[in-house]
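Student: Predicted structure and sequence below. I'll ask about it afterward.
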There are 2 protein chains.
Amino acid sequence: MERKRDSLYASTLARGLQILRAFDESHVALSLTDLVARTGLEKSAVQRMAHTLHVEGMLDRDPKSRLYRPSHAWLELAYAYYWSDPLIARALPKLIEFSRAMGETVNLAQISGDHIIYSLRLPNQRTHFAASIVGRRLPALNTASGRVMLSTRSDEEIGHACSRWPLVQATRKTLMDRSDIARHIKSAREDGFCITRDQMLLNEISLAAPVRGTDGQAHAAVQISISGIAFNEKQVLERFLPSLLDTAAGILG
Amino acid sequence: MERKRDSLYASTLARGLQILRAFDESHVALSLTDLVARTGLEKSAVQRMAHTLHVEGMLDRDPKSRLYRPSHAWLELAYAYYWSDPLIARALPKLIEFSRAMGETVNLAQISGDHIIYSLRLPNQRTHFAASIVGRRLPALNTASGRVMLSTRSDEEIGHACSRWPLVQATRKTLMDRSDIARHIKSAREDGFCITRDQMLLNEISLAAPVRGTDGQAHAAVQISISGIAFNEKQVLERFLPSLLDTAAGILG
DNA sequence: ATGGTGGTTATCACTATTTGATATTGCCGA
DNA sequence: TCGGCAATATCAAATAGTGATAACCACCAT
């Protein structure tokens, strides 16, 4: 296989992780042959890895269909993550406060390479499933959260990100022009917030405020999703921006 | 090492998983020597496993302190889990509805061996951190959710669980008498719900309703935590029980 | 500065463990 | 009932992981 010139690299472990990562939102239960197809590993390797993961409690298995599925242990790992990230404990009470006061869905997004990842979500309205559960990754440039975080960085970094980082066309209206995005980030820097519409989902307005660290840079953002049918952008700003900024500023990244 | 008589068992992968599981709520960032101590693995093995996990993006590392930490990938795994479990998608909208209507914290708990695990949490009040984040595991017998799920099983299973399953004394008032617990489960069967007080946390009232499958058995429960200072048990039942039962019944396990 | 200590990184010969090809079994649909 | 696909089981070959040891490094106390 693709040997890494790295004597400390345990390829068997890496192969096991490949199995775990084969599961995602459109691959929720996989057979051995599915796993072979998705990972490109040898049939025997897949057999041994999946078996070991099952014995170790990382995969459940339906005895009827023989399909493997993620186990509850995957949630336990998230639990350990939550304790390990000090930002979570600082942000959660503020988000709860905001959620109660405003009655709208609030999220905490963090930057993770060139993507953002939602690490806390307090859904308040019925919305689509992906928008209600933690761990979702989206290209940073496509999102209000990602843009507002970028806006706290240097011009060089913004330029580099706008030219290199990935973009996905999620809706017919998703902004795909990289210089438009760069301009939008620059104005977010002036404003101290970022608002988008129809970017990941039609008729969704997304408003994000940066959670700044002591150096002024943001590694996280507080973000809300508002129905673009019930409100227009101006109304969203009037109604939610002040307390959103308060909430984000109160977290101290 | 402790050889398992299992030719399909990949011990290197298992060792890697041991590293992941070394992180928990009181071990949020670990050095190599910490990992050696917590896992009992050889120093070299720990070195190689941690290095591999780092290269593969499963562990972050502080370059200054050299400490390893869970990475965002742990949340991505939770995301995959959520998609894989069909109960989550059915329960979430109902929980959101309840949360909005009642303004109180609601959780979805699932049975996982002899423990329960919280798989959805919609916090509405500021409370302690562990009660607000998903993935927490608690001994089933100690919790209202666990007891109400058990109450849908046969007498044999209840008897077996009550005599064998683990108990932890979380507060001074945690019920530790196994026959008292058995009686409590039996009455939960009559009532169709289960209420506890001061069990995991002092001044916390916990009320749980079963999410029944087609066979009548519950593998999940909807549960709320209410301040025992603001309410007494009677008030909690009057105020929340009807809609909690509705919510749970509407999920169709 | 200096030396000592604890922890991290690097090296390597040995062999236990994984590999991958193949054989066998079991299951489901035609 | 049979045919075909997928899941299990087996095994000799050799690679990949082991674990002991050594070098290195950063920090602290002297």
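Tutor: Arrived safely. Numbering: from 1, shown residues only, chains lettered A, B, ... in the order given.

Student: What does the pLDDT read for the residue in the stretch 51-200 of chain A that DNA strand D sits nearest to?
Tutor: Among the residues of the stretch 51-200 of chain A, A:Arg66 lies closest to DNA strand D, at 4.6 Å counting by Cβ to the nearest atom of the strand. Every residue, glycine included, has its C-beta placed from N, CA and C. In this prediction, A:Arg66 carries a pLDDT score of 90.

Student: Touching, it and A:Leu30? I think so.
Tutor: No - using Cβ atoms under 8 Å, A:Arg66 makes no contact with A:Leu30, being 10.2 Å away.

Student: Mind checking what secondary structure the residue of the stretch 51-200 of chain A closest to DNA strand D has?
Tutor: coil (DSSP: H, G, I helix; E, B strand; the rest coil).

Student: Disregarding residues adjacent in the polypeptide, which is nearest to it?
Tutor: In space, and not counting its chain neighbours, A:Arg66 is closest to A:Ser31: 6.2 Å by Cβ to Cβ, 6 or more residues apart in numbering or on different chains.

Student: what's the answer for A:Glu157, then?
Tutor: Nearest to A:Glu157 is A:Leu150, by Cβ to Cβ, 6+ apart, at 7.3 Å.

Student: mind listing the helices for the stretch 101-250 of chain A?
Tutor: Using DSSP state H, counting those that start in this stretch, the helices of the stretch 101-250 of chain A run over A:144-150, A:155-164, A:178-191, A:233-249.

Student: and the shortest one, what other elements does it pack with?
Tutor: Yep, that's helix A:144-150 we're talking about. Counting contacts by 3 or more Cβ pairs under 8 Å, 6 or more residues apart in numbering or on different chains; DSSP states H and E, helix A:144-150 is packed against strand A:106-112, strand A:115-122, helix A:155-164, helix A:178-191, strand A:194-197, strand A:204-212, strand A:218-227.

Student: mind giving me JSON lines with those and columns for distance to B:Ala80, mean neighbour count and mean pLDDT?
Tutor: Output for those, formatted as JSON lines (distance: least, Cβ to Cβ, whole Å; neighbours: other Cβ atoms under 10 Å in any protein chain shown; pLDDT from 0 to 100):
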{"stretch": "strand A:106-112", "distance to B:Ala80": "16", "mean neighbour count": "24", "mean pLDDT": "98"}
{"stretch": "strand A:115-122", "distance to B:Ala80": "13", "mean neighbour count": "23", "mean pLDDT": "98"}
{"stretch": "helix A:155-164", "distance to B:Ala80": "27", "mean neighbour count": "14", "mean pLDDT": "98"}
{"stretch": "helix A:178-191", "distance to B:Ala80": "29", "mean neighbour count": "16", "mean pLDDT": "98"}
{"stretch": "strand A:194-197", "distance to B:Ala80": "26", "mean neighbour count": "23", "mean pLDDT": "98"}
{"stretch": "strand A:204-212", "distance to B:Ala80": "23", "mean neighbour count": "25", "mean pLDDT": "98"}
{"stretch": "strand A:218-227", "distance to B:Ala80": "22", "mean neighbour count": "24", "mean pLDDT": "97"}
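
Student: closest to B:His128 out of those?
Tutor: Proximity to B:His128 (Cβ to Cβ) singles out strand A:115-122 among the helices and strands packed on helix A:144-150, at 15.8 Å.

Student: which neighbours does the closest one have in its sheet, and in what orientation?
Tutor: Sheet pairing of strand A:115-122 (DSSP bridges) gives strand A:106-112 (antiparallel), strand A:137-139 (antiparallel).

Student: what's the neighbour count on whatever residue of the stretch 1-150 of chain A ends up closest to DNA strand C?
Tutor: Of all residues in the stretch 1-150 of chain A, A:Ser44 sits closest to DNA strand C, at 3.1 Å by Cβ to the nearest atom of the strand. Here the number of neighbours of A:Ser44 (other Cβ atoms under 10 Å in any protein chain shown) works out to 10.

Student: and if you look at A:Leu35?
Tutor: For A:Leu35, the neighbour count with other Cβ under 10 Å is 23.

Student: Run the contact check for the stretch of helix or strand it belongs to versus chain B.
Tutor: Per DSSP states H and E, A:Leu35 falls inside helix A:32-39. No - where contact is defined by Cβ under 8 Å from any Cβ of the partner chain, no part of helix A:32-39 touches chain B; the two come within 11.8 Å at best.

Student: Need the pLDDT of A:Arg3.
Tutor: pLDDT, A:Arg3: 38.

Student: List the residues that contact the residue nearest the centre of chain A.
Tutor: Against the mean C-alpha coordinate of chain A, by Cα atoms, centre = their mean, the closest residue is A:Ile117 at 2.0 Å. Counting by Cβ atoms under 8 Å, 6 or more residues apart in numbering or on different chains, A:Ile117 touches A:109-110, A:135-137, B:72, B:75-76.

Student: Is it bridged to anything, and to what?
Tutor: Under the criterion used here (DSSP bridges), A:Ile117 is bridged to A:Gln110, A:Arg137.

Student: sorry, back to before: what's the closest of the strands paired with strand A:115-122 to B:Arg90?
Tutor: strand A:106-112 (22.1 Å).

Student: so how far is chain B from A:Arg48?
Tutor: Separation of A:Arg48 from chain B (Cβ to the nearest Cβ, to the nearest Å): 5 Å.

Student: same question, A:Pro139
Tutor: Separation of A:Pro139 from chain B (Cβ to the nearest Cβ) stands at 15 Å.

Student: Now that residue. Nearest residue, chain neighbours left out?
Tutor: A:Pro166 (4.8 Å).

Student: Show me which residues of the helix or strand hosting A:Ala14 are buried.
Tutor: Here A:Ala14 is covered by helix A:11-21, with elements defined by DSSP H and E. Under the neighbour-count criterion of 16 or more other Cβ atoms under 10 Å in any protein chain shown, helix A:11-21 has A:12-21 buried.

Student: how about that helix, does it get close to DNA strand D?
Tutor: Yes - residues of helix A:11-21 contacting DNA strand D under Cβ under 7 Å from any atom of the strand: A:11-13.

Student: who does that helix touch, helix- and strand-wise?
Tutor: helix A:32-39, helix A:43-55, helix B:11-21, helix B:43-55.

Student: Quickly run through the sheet partners of the helix or strand following the second one, with directions.
Tutor: Stepping forward along the backbone from helix A:43-55, the first helix or strand reached (DSSP H and E) is strand A:59-61. In the sheet containing strand A:59-61, the strands it pairs with under DSSP bridges are strand A:68-70 (antiparallel).

Student: any idea which helix or strand comes after the partner strand?
Tutor: Using DSSP H and E, the helix or strand that follows strand A:68-70 in sequence is helix A:73-84.

Student: Please name every helix or strand in contact with that next one.
Tutor: Checking 3+ Cβ pairs under 8 Å, 6+ apart, helix A:73-84 ends up next to strand B:68-70, helix B:73-84, strand B:115-122.

Student: now the angle from that helix to helix B:11-21?
Tutor: 40 degrees (axes from the mean of the first three to the mean of the last three Cα atoms, to 10 degrees).

Student: C-alpha coordinates for helix A:73-84, CSV please?
Tutor: Presented in CSV, the C-alpha positions along helix A:73-84 are these (Å, rounded to 0.1, in the frame of the first residue of the first chain):
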residue,chain,number,x,y,z
ALA,A,73,-19.2,5.0,21.5
TRP,A,74,-19.1,7.7,18.8
LEU,A,75,-21.1,9.9,21.0
GLU,A,76,-18.9,9.2,24.0
LEU,A,77,-16.0,10.5,22.0
ALA,A,78,-17.9,13.7,21.4
TYR,A,79,-18.5,13.9,25.1
ALA,A,80,-14.7,13.7,25.7
TYR,A,81,-14.2,16.3,23.0
TYR,A,82,-16.6,18.7,24.7
TRP,A,83,-14.7,18.5,28.0
SER,A,84,-11.4,19.0,26.3
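
Student: Tell me how far that helix lies from the chain's centre.
Tutor: 16 Å (Cα atoms, centre = their mean, to the nearest Å).
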